[in-house]
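Student: Task: produce atomic coordinates for the following.
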Amino acid sequence: LAGWKVGLLSMAGHLTLINSVNSSIPVHQMQVLKFLTKIMNKLDHINRNFLWGSAYVKKGIHIVNWNDVTDPEVEGGLGIKVYKLVINSMLAKLSWWFLKERDSLWVKTLKAKYLTPSRINSFSSTNRSSSIWKGLATGWDC
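Tutor: Numbering: from 1, shown residues only. Take a look at the predicted model:
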């Protein structure tokens, strides 16, 4: 979108598009998977460049610190979500559901597979653990 929408939208249009589309596309995967930090930083980079009007050829001027832009609107920011915080909160919620919904089939399946007697009270993950279990381990740490 950056190539042809940059010149057609105002700053408010850029912000609306970021908040409604770019911030919600990866949310489904974020609910259960832990993204790599490199991927989350790249997604933030795409949002940052689109907000300030950077296209592939011409660089836009970033006039405000990104940390200030991502502050909530009540604190003077624009309310753009930072992917690292979004994914941590979603994985923490998934871990909470894991502890709360003890009789659910998905919880019973994961417990049978990963909570062996040697690590019954541990959310530790190994290289052989599934990405969902690794996400649960990350959410438990949060």
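Student: Show the pLDDT at residue 74.
Tutor: Model confidence at residue 74, expressed as pLDDT, equals 89.
Student: and it, how far is that from residue 102?
Tutor: 37 Å (CB to CB, to the nearest Å). For every residue, glycine as well, the C-beta is placed using N, CA and C.
Student: likewise residue 77?
Tutor: 39 Å.
Student: Looking at these two, which is more packed in?
Tutor: More crowded of residue 77 and residue 102, by other CB atoms under 10 Å: residue 77, with 15 against 9.
Student: Check the contact between the more buried one and residue 65; I expect there is one.
Tutor: No - judged on CB atoms under 8 Å, residue 77 makes no contact with residue 65 at a distance of 10.1 Å.
Student: Give me the buried positions along the single longest helix found in the chain.
Tutor: Identified as the longest helix of the chain according to DSSP state H is helix 83-100. The neighbour-count check on helix 83-100 (16 or more other CB atoms under 10 Å) flags 83, 86-88, 90-92, 94-95, 98 as buried.
Student: nearest to residue 110, of these?
Tutor: Nearest to residue 110 out of the buried residues of helix 83-100 is residue 98 (CB to CB; 7.2 Å).
Student: Can you verify my assumption that that closest one contacts residue 109?
Tutor: No - counting by CB under 8 Å, residue 109 is not a contact partner of residue 98; they are 11.1 Å apart.
Student: Quick one: end-to-end distance for stretch 53-66.
Tutor: The first and last residues of stretch 53-66 sit 14 Å apart, counting by CA to CA, to the nearest Å.
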